[in-house]
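K.L.:
Got a sequence here, can you build the structure:
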Amino acid sequence: MTLRELFKLPKSINEKPLIAVPLTLGPNDKLTPFAKKLQEQNPDIVEWRADYIADDFSQAVMWQQVKAGAQAELAQKDVSAMTEAKMLSEMDNARQEFDANWPVMNMQIIKELTVSVFNTIGSFPIILTYRTQAQGGQGEMTPVEYATFIVAALRSGFHFTAVDVEYTLDSELRDKVIDVAHELGVPVIISYHDFNQTPDVSALIADISKMPADVVKIAVMPNKEQDVTDLLQATRAATIQQPLITMSMGAIGQRSRVEGYKFGSELTFATLDGLPVSAPGQVTISELLATWTK
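P.N.:
Here you go, the predicted model:
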């Protein structure tokens with residue numbers, strides 16, 4: 001099965017790979033300009049990089065906001081030291097109540113974030129991704145928080161075209177996320193990223209393909225041109241059943257993003273014109289299409 005078939009997308013008319021663009025907006029960014037560019041440039045898929053926004057609504061951050069609001073209100077009142085001490089004590093009790101109610105609040109926050117993305121992007125297919133710092137992203141969640149976020153987003157009532165699950169996630173948590181995704185009919189991309197070097201790509205492909213992955217994704221950093229060639233050759237030589245996505249990052253690896261499809265990589269990442277990259281070496285859609293038409 002090809003990636004297009006798995007994602008239920010139309011066949012390519014020019015044998016080119018799927019183009020995915022990253023949505024990397026934070027809590028203070030506006031979605032409307034992104035949506036306008038999206039309609040203008042019309043990629044195949046949007047990857048929602050939830051790590052750019054989800055941490056701003058974590059339990060610790062939300063409590064700090066509640067606490068800061070209460071302290072600001074207290075500072076405006078002319079009260080005795082005894083009354084102030086009593087009010088601060090009540091804040092401790094409020095923290096216990098906040099923690100007890102957090103699971104429900106967290107589910108609602110995640111649903112609201114998901115709603116805003118789907119309402120803005122409209123009919124474009126969406127890959128759900130939370131990329132941890134260890135794998136090159138912005139996310140600082142603990143493994144449990146990561147898995148909780150992904151599961152809650154998957155169960156929010158909106159259908160994702162696929163979900164990215166990091167290869168390095170604790171196996172028990174990884175299996176839980178995969179099970180939930182498959183229960184909901186969402187294909188799972190198991191991804192591996194190395195921002196320092198190019199390891200044995202063939203071994204990684206073989207290892208990940210043995211997992212309950214619907215798609216295998218590998219992104220590595222080349223330190224010389226031969227590393228890029230090695231990745232492309234490993235992609236061509238792969239005999240796995242799942243669709244494969246591979247890329248070399250950075251300036252040296254840029255050609256893998258442009259011509260990787262010739263070796264069997266079925267998706268490439270590019271940015272909407274004028275927007276920041278989500279990984280080193282990404283080109284814009286305009287640059288990618290211009291290269292393909294040469």
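K.L.:
for the nearest residue to residue 214 once chain neighbours are set aside, phi and psi?
P.N.:
Leaving aside its chain neighbours, residue 214 sits nearest to residue 187 (3.9 Å; criterion: Cβ to Cβ, 6 or more residues apart in numbering). C-beta: built from backbone N, CA, C; applies to glycine. Phi and psi for residue 187, reported as degrees, to the nearest 10, are phi -60, psi 150.
K.L.:
Let me know how buried residue 187 is, in neighbour terms.
P.N.:
Using other Cβ atoms under 10 Å, residue 187 is surrounded by 21 other residues.
K.L.:
State the pLDDT value of it.
P.N.:
We note a pLDDT of 98 for residue 187 in this prediction.
K.L.:
Quick check: it touching residue 217?
P.N.:
No: judged on Cβ atoms under 8 Å, residue 187 makes no contact with residue 217 at a distance of 11.6 Å.
K.L.:
which residues of the stretch 51-200 of the chain score low on pLDDT?
P.N.:
66, 68-92 (pLDDT under 70).
K.L.:
now the strands for it?
P.N.:
126-129, 162-166, 188-194 (DSSP state E, counting those that start in this stretch).
K.L.:
Can you check what pLDDT the model gives residue 24?
P.N.:
As predicted, residue 24 sits at a pLDDT of 89.
K.L.:
One more: the one 3 residues further on?
P.N.:
According to the per-residue confidence, residue 27 scores 78 in pLDDT.
K.L.:
I'd like the secondary structure assignment at it, please.
P.N.:
Three-state call for residue 27 (DSSP: H, G, I helix; E, B strand; the rest coil): coil.
K.L.:
Pull the number of nearby residues for it.
P.N.:
Burial measure for residue 27: 12 neighbouring residues, criterion other Cβ under 10 Å.
K.L.:
Please tell me how far the nearest residue to it once chain neighbours are set aside sits from residue 109.
P.N.:
Leaving aside its sequence neighbours, residue 27 sits nearest to residue 56 (Cβ to Cβ, 6+ apart; 4.5 Å). Going from residue 56 to residue 109 by Cβ to Cβ, to the nearest Å gives 10 Å.
K.L.:
Of the two, which one has the most company?
P.N.:
Taking neighbours as other Cβ under 10 Å, residue 56 and residue 109 compare with residue 109 leading, 18 against 13.
K.L.:
so the more buried one touches residue 55, yeah?
P.N.:
No: using Cβ under 8 Å, residue 109 makes no contact with residue 55, being 11.7 Å away.
K.L.:
Could you pull up phi and psi at the residue nearest to residue 292 when sequence neighbours are not counted?
P.N.:
Leaving aside its chain neighbours, residue 292 sits nearest to residue 16 (6.3 Å; criterion: Cβ to Cβ, 6+ apart). Phi and psi for residue 16, reported as degrees, to the nearest 10, are phi -90, psi 160.
K.L.:
Distance check, residue 16 against residue 293.
P.N.:
Residue 16 sits 10 Å away from residue 293, going by Cβ to Cβ.
K.L.:
Residue 214 now?
P.N.:
Distance of residue 214 to residue 293, computed by Cβ to Cβ: 31 Å.
K.L.:
Between these two, which is the more surrounded one?
P.N.:
Comparing residue 214 with residue 293 by other Cβ under 10 Å, the one with more neighbours is residue 214, at 21 against 7.
K.L.:
For the more buried one, give me its contacts.
P.N.:
By Cβ atoms under 8 Å, 6 or more residues apart in numbering, the contact set of residue 214 is 6, 162, 187-189, 242-243.
K.L.:
ok, so of those, who is nearest residue 140?
P.N.:
Each of the contacts of residue 214 was scored against residue 140 by Cβ to Cβ, and residue 189 proved nearest at 21.7 Å.
K.L.:
wouldn't the closest one be in contact with residue 245 here?
P.N.:
Yes: Residue 189 lies in contact with residue 245 (Cβ under 8 Å); the separation is 7.3 Å.
K.L.:
joint contacts of those two?
P.N.:
Residues touching both residue 189 and residue 245 by Cβ under 8 Å, 6+ apart: 215-217.
K.L.:
out of those, who's nearest residue 206?
P.N.:
Distance to residue 206 across the shared contacts of residue 189 and residue 245 (Cβ to Cβ) is lowest for residue 216, with 9.4 Å.
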